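In: predicted model and sequence below, questions to follow.
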Amino acid sequence: MDPRQSRGHNILLVEDNPGDVRLTQEAFKEGKKKVNLEVVMDGIEALRYLNKEGEYAECPTPDLILLDLNLPKWDGRQVLKAIKSDKKLRSIPVLVLTTSNAEHDVINSYDLHANCFINKPVDFDSFFMIIQQIEAFWLKTTILPTSVG
């Protein structure tokens, strides 16, 4: 039995826009799967979280990472490169969820081994639908690694 059946899926949202954080939280609350959504607001905090540094020492390792590209301090590209270069972290699926639809961002994200690239919609209904699709595919259909490292 998958241990996530009882504990739920741990998702790390790396997003600096409070409105997008709130929308994501609301969308997952309405979902069918139990989700523990942790949020960090910049790239440096994301890596501190993933490396369990400081106040993040007891935080769960995420089953999935939702990563914005345009972040303060370290941007999402730097975070993605660091995650996929780290043997302990690289098996965690990283979904780039960003307002950018620039071809160079898409290509660069896949070159850095993003698991998918999603253009973040601006209206609530479309955003909600995207989160439902993420839940349906990544949390219901796919088999995620049960432990990292």
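Out: Cool, the structure landed.
In: mind listing the strands for the chain?
Out: Assigned by DSSP state E, the chain shows strands spanning 9-14, 35-40, 64-67, 94-98, 116-119.
In: could I get those in TSV, plus columns for mean neighbour count?
Out: To be clear about C-beta, it is placed using only N, CA and C from the backbone, and glycine gets the same treatment. Supplementary listing: these in TSV, determined by neighbours: other C-beta atoms under 10 Å:
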stretch	mean neighbour count
strand 9-14	24
strand 35-40	18
strand 64-67	24
strand 94-98	24
strand 116-119	16
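In: phi, psi of the residue nearest to residue 68 when sequence neighbours are not counted?
Out: Distances taken as C-beta to C-beta, 6 or more residues apart in numbering place residue 15 nearest to residue 68, at 4.8 Å, with adjacent residues excluded. Here the main-chain torsion angles of residue 15 (degrees, to the nearest 10) amount to phi -150, psi 130.
In: mind checking pLDDT for residue 15?
Out: In this model, residue 15 is scored at 97, pLDDT.
In: check contacts around the residue nearest to residue 43 when sequence neighbours are not counted.
Out: Nearest residue to residue 43 in three dimensions, chain neighbours excluded: residue 74, at 2.7 Å (C-beta to C-beta, 6+ apart). By C-beta atoms under 8 Å, 6 or more residues apart in numbering, the contact set of residue 74 is 42-44, 46-47, 82.
In: any of these buried? List them.
Out: 42-43, 46-47, 82 (16 or more other C-beta atoms under 10 Å).
In: farthest pair within those residues?
Out: Of all pairs drawn from the buried ones among the contacts of residue 74, the one with the longest distance (C-beta to C-beta) is 42 and 82, at 13.1 Å.
In: contact partners for residue 82?
Out: Contacts of residue 82 (C-beta under 8 Å, 6+ apart): 47, 74, 89.
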